[in-house]
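have a look at this prediction, sequence included:
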Amino acid sequence: MVKFRNIVPFSGLILVACSPGATAERPNVIYVFPDQLRNSSLGFWSDPEYASQVGWRGDPVLTPNLDRFASESVVLSEAVSNCPVSSPHRGMLLTGMWPERSGVVLNCMSERPESSLREDAECIGDVFAAAGYDCAYIGKLHVDHPTPNNPQRPGTYVSDDLPEWDAYTPPERRHGFNYWYSYGTYDVHKHPHYWDTAGNRHDVDEWSVQHEIGKAIDYIRNADGVRDADKPFFMMIGLNPPHSPYASTDDCDLEGYAHYKDKSASELLVRANADTTMAKTAAAPFYFANVSGIDREFGRLLDALDRAGLARNTIVVFASDHGETLCSHGIVDPKNSVWRESMNIPFIVRYPGRIPHRVDDLLLSSPDIMPTLLGLAGLAERIPRSVEGRDLSSVLMQSPVQAERPQAALYMRNLDGERDAEGLVRGFFAEARGVKTLEHTLELAVDRAGRLTRVRLFDDRTDPYQMNNLDPARHSELFARLSGELARLLRESNDAWYRERTLSDIVPYDN
Ligand code: CA
């Protein structure tokens, strides 16, 4: 929102930093985001320093490199993925806009032609490129509607699968990223494939995380001159694990697996809300194995940054696109739900000398990430007018004058709209909306006729595992306050529920 951007301090310094010739001193930015990595699956949450800052238990997972990284960073405990499913989050991440404006309202696949990153959106790569950065994208993208644009077999999809999920992103849809080594979505973790900058396809027999970090290290070292060494760089690395499948050693990092293979479900799933009788518990050792493998590879990336002498002037962020319920609440679906373990994402930012180490309960939302990264890099005045999120860089840096801390975050769950005669999905069904504050979670859901089907209301402070669904009638003051907050968020974001006045008998849109 523009009104928040105006609060951001140091406009004078930003102007100086943006003057010609200052480009070389700009920080590099690396944004690493595994897919489906829940915030609690980081080893340091079991350390008393961190455990005392949250009301829930961390998973028994080994992540020594991330633990060390966290000790040098600000660690957010309450960052959320507002629409906690792959493509919508990625659309918000790249554009700073809510899904209806980014264009990505549902997970992208061939039967959903209306869910695709808007080609005219001004994305984070566009802004960094215009500011003089060399921009690299490595790994999973998953924001394009797959079309028959296979560069190896023109006129066909990239595979023979229908519906097609994977996609090739041609140069005109790369939004400022001049170095490309990416794919849409593909879940064979040990036989991944990628299209490079020139559109050549590479099929690889290596665990995808290891392969992508290897590419990122090559980019950092720049031995082959793949980047312009006179420019700062911005690199996004979209890792796919620990995304499913997580059913066998074919899916996971073997070195990590050794730590968990002999542990029982109750030893691995330590949260009070976990159902350790579910068949899905068999996934836990493989899921954690992939987390530990990611940790090892992330450590390799940080070492390469150190060796290249770039660590001091590089902002490094470790995040995820959404969480993973991992047997909590007895549900199989890992995401696209209001549960803390689905919405809450890791968000750890290291900027040596500029961001003090601490745990911070900043309620960061997905559309805030783009403007905040630009703000951290000193590019606040380049934040596009189209951005709907807030630049919270001043909060992360603990600047003398700081942007207002968000008091609430919007939750949204979209499902397919009706299918046309050809079986293609038209529009989307805004099934649920909700609000997350530091104290509470509220979810309201409707059927396709707009009638209330579900209310979830939790006191997240006294009930961190969300096991006690409060009765709105017995907590009417709380319910009224949260539904008022929800109305405000829906109105500010011009959400479909606001435009259609969904559940207007209980959501006070026009007060
Ligand atoms: Ca995902």
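Nice, thanks for sending it over. Numbers count the residues shown, from 1 in each chain.

point me to the residue of the stretch 51-200 of the chain nearest the ion.
Nearest residue of the stretch 51-200 of the chain to the ion: Ser86, at 3.1 Å (C-beta to the ion). Quick note: C-beta positions are derived from backbone N, CA and C, even for glycine.

next one: the stretch 301-450 of the chain
Scanning the stretch 301-450 of the chain for proximity to the ion using C-beta to the ion identifies Asp321 as nearest, at 4.4 Å.

OK, contacts around the most centrally placed residue in the chain?
The residue at the geometric middle of the chain, judged as the C-alpha nearest the mean C-alpha position with C-alpha atoms, centre = their mean, is Asp321 (2.6 Å). With contacts defined as C-beta atoms under 8 Å, 6 or more residues apart in numbering, Asp321 is in contact with Phe33, Asp35, Gln36, Ser81, Ser86, His89, Arg90, Leu93, Gly238, Ile345.

any idea how many residues pack against the residue of the stretch 51-200 of the chain closest to the ion?
By the other C-beta atoms under 10 Å criterion, the neighbourhood of Ser86 contains 27 residues.

just give me the neighbour total for the nearest residue to it once chain neighbours are set aside.
Using C-beta to C-beta, 6 or more residues apart in numbering and skipping the chain neighbours, the partner closest in space to Ser86 is His142 (5.2 Å). Counted with other C-beta under 10 Å, the burial measure for His142 works out to 27 neighbours.

with the one 4 residues further on instead?
Around Pro146 there are 26 other residues, counting by other C-beta under 10 Å.

how about Gln402?
Counted with other C-beta under 10 Å, residues neighbouring Gln402 total 16.

that one contacts Ser394, doesn't it?
Yes - proximity of Gln402 to Ser394 meets the contact threshold set by C-beta atoms under 8 Å, at 4.5 Å.

spit out the contact partners of Ala284.
For Ala284, the contact set (C-beta under 8 Å, 6+ apart) comprises Tyr260, Ala265, Leu268, Leu269, Leu326, Cys327.

shouldn't it be within a strand?
No - Ala284: not assigned to a strand; according to DSSP: H, G, I helix; E, B strand; the rest coil it is helix.

next one, pLDDT for it please.
Per-residue pLDDT puts Ala284 at 97.

ok, now Asn511?
With respect to pLDDT, Asn511 has a value of 81.

go on, Phe10?
35.

circling back to that earlier point, can you redo the contacts of Ala284 as a markdown table with secondary structure?
Formatted as a markdown table, those follow (three-state DSSP):
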| residue | secondary structure |
| --- | --- |
| Tyr260 | coil |
| Ala265 | helix |
| Leu268 | helix |
| Leu269 | coil |
| Leu326 | coil |
| Cys327 | coil |
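
relative to Ile369, which of those residues is nearest.
Sorting the contacts of Ala284 by how near they are to Ile369, with C-beta to C-beta, puts Leu326 at the top with 23.8 Å.

ends of stretch 432-440, how far apart?
Its start and end residues considered, stretch 432-440 measures 17 Å (C-alpha to C-alpha, to the nearest Å).

and what of stretch 461-475?
Distance between the boundary residues of stretch 461-475 (C-alpha to C-alpha) amounts to 15 Å.

how about that stretch: buried residues?
When burial is assessed from 16 or more other C-beta atoms under 10 Å, stretch 461-475 yields the following buried residues: Asp463, Pro464, Tyr465, Gln466, Leu470, Pro472.

list the residues that contact the residue nearest to the fourth one when sequence neighbours are not counted.
Setting aside the residues directly before and after it, Gln466 is nearest to Phe458 in space (C-beta to C-beta, 6+ apart), at 4.5 Å. For Phe458, the contact set (C-beta under 8 Å, 6+ apart) comprises His440, Thr441, Leu442, Gln466, Asn468, Asn469, Leu470.
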